[in-house]
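> Attaching a predicted model along with its sequence, questions to come.
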Amino acid sequence: AQSVTQPDIHITVSEGASLELRCNYSYGATPYLFWYVQSPGQGLQLLLKYFSGDTLVQGIKGFEAEFKRSQSSFNLRKPSVHWSDAAEYFCAVGIGIYNQFYFGTGTSLTVIP
Amino acid sequence: EAQVTQNPRYLITVTGKKLTVTCSQNMNHEYMSWYRQDPGLGLRQIYYSMNVEVTDKGDVPEGYKVSRKEKRNFPLILESPSPNQTSLYFCASSLSGSAVQETQYFGPGTRLLVL
């Protein structure tokens, strides 16, 4: 069965520090990969997505993610975190033949001044 | 403004009382989907629809029904709600039926409490 693992439930970083959120997936072929962000009380917003090509993808708000096939990972990074980045982050996998999506359990980010 | 709307935003009900949560999008999107979000479980897909009159089960369809009679609307129906359906529900849409390649646009969520 397909699955998405986000091993970090909660991360705290200082403003200005770098950030890496981990995501691993389990799927036989290369899936379609997404990172979404959910601010408190809001719906989800797409940060970036990967289908093919360059394994380093750029997204909105200064985020980037790197696809590593050998590790079945799609980690999200940001070089310098801002207080407004405090939110919940979800990694998701799209399975093409079924048009279905699987989300990870989310990582909650706290940013301290 | 392009958006996905859900109603109601908050709902408290009792076990067994049928309810409908509406979802509407004004972007002429083909694909629509319902998710539930529970602590520690993330988002799980309930049902999705690739086009009018085409719906299919997601990962957790038990206890839910959907219909897609018009492109813009995708209501979620709980015929006999139970407390384990207490959750935060999101509707989402994307442009084409090949949704896995596209951005999903999410509604603001509906928080449901079943007593």
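Yep, it's here. Bear in mind the structure is a predicted one, so any value in this text is a computation, not a measurement. Residues are numbered from 1 along each chain as shown, chains lettered A, B, ... in the order given.

> Next, the contact list for residue B:14, please.
For residue B:14, the contacting residues are B:81, B:114, B:115, by Cβ atoms under 8 Å, 6 or more residues apart in numbering or on different chains. The C-beta positions use only the backbone N, C-alpha and C, and glycine is treated the same way.

> Keep only those of these that are also close to chain A.
Checked against chain A using Cβ under 8 Å from any Cβ of the partner chain, these yield no neighbours at all.

> Closest one to residue B:38 out of these, please.
Nearest to residue B:38 out of the contacts of residue B:14 is residue B:114 (Cβ to Cβ; 13.1 Å).

> Show me what the closest one is bridged to.
Beta-bridge pairing for residue B:114 (DSSP bridges): residue B:13.

> What is the neighbour count of it?
19 (other Cβ atoms under 10 Å in any protein chain shown).

> That one touches residue B:63, doesn't it?
No - contact criterion Cβ atoms under 8 Å: residue B:114 and residue B:63 do not qualify, at 10.3 Å.

> could I get the contacts of residue B:14 as TSV with pLDDT?
Below are these laid out as TSV (pLDDT from 0 to 100):
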residue	pLDDT
B:81	97
B:114	97
B:115	96
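
> quick one: which of the residues you listed is nearest to chain A?
residue B:114 (21.0 Å; Cβ to the nearest Cβ).

> list residues touching both of residue B:114 and residue B:63?
Contacts common to residue B:114 and residue B:63, judged by Cβ under 8 Å, 6+ apart, are B:81, B:82, B:85.

> Now the lengthiest strand in chain B: buried residues?
Longest strand in chain B by number of residues, with DSSP state E as the criterion: strand B:42-51. By neighbour count on 16 or more other Cβ atoms under 10 Å in any protein chain shown, the buried set for strand B:42-51 is B:42, B:43, B:44, B:45, B:46, B:47, B:48, B:49, B:50.

> Export the shared contacts of residue B:114 and residue B:63 as JSON lines, with columns for neighbour count and secondary structure.
As requested, the shared contacts of residue B:114 and residue B:63 are exported to JSON lines (neighbours: other Cβ atoms under 10 Å in any protein chain shown; DSSP: H, G, I helix; E, B strand; the rest coil):
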{"residue": "B:81", "neighbour count": "23", "secondary structure": "coil"}
{"residue": "B:82", "neighbour count": "11", "secondary structure": "coil"}
{"residue": "B:85", "neighbour count": "20", "secondary structure": "helix"}
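
> coming back round to it: filter the buried residues of strand B:42-51 down to the ones close to chain A.
Filtering the buried residues of strand B:42-51 for proximity to chain A by Cβ under 8 Å from any Cβ leaves B:42, B:43, B:44, B:45, B:48, B:50.
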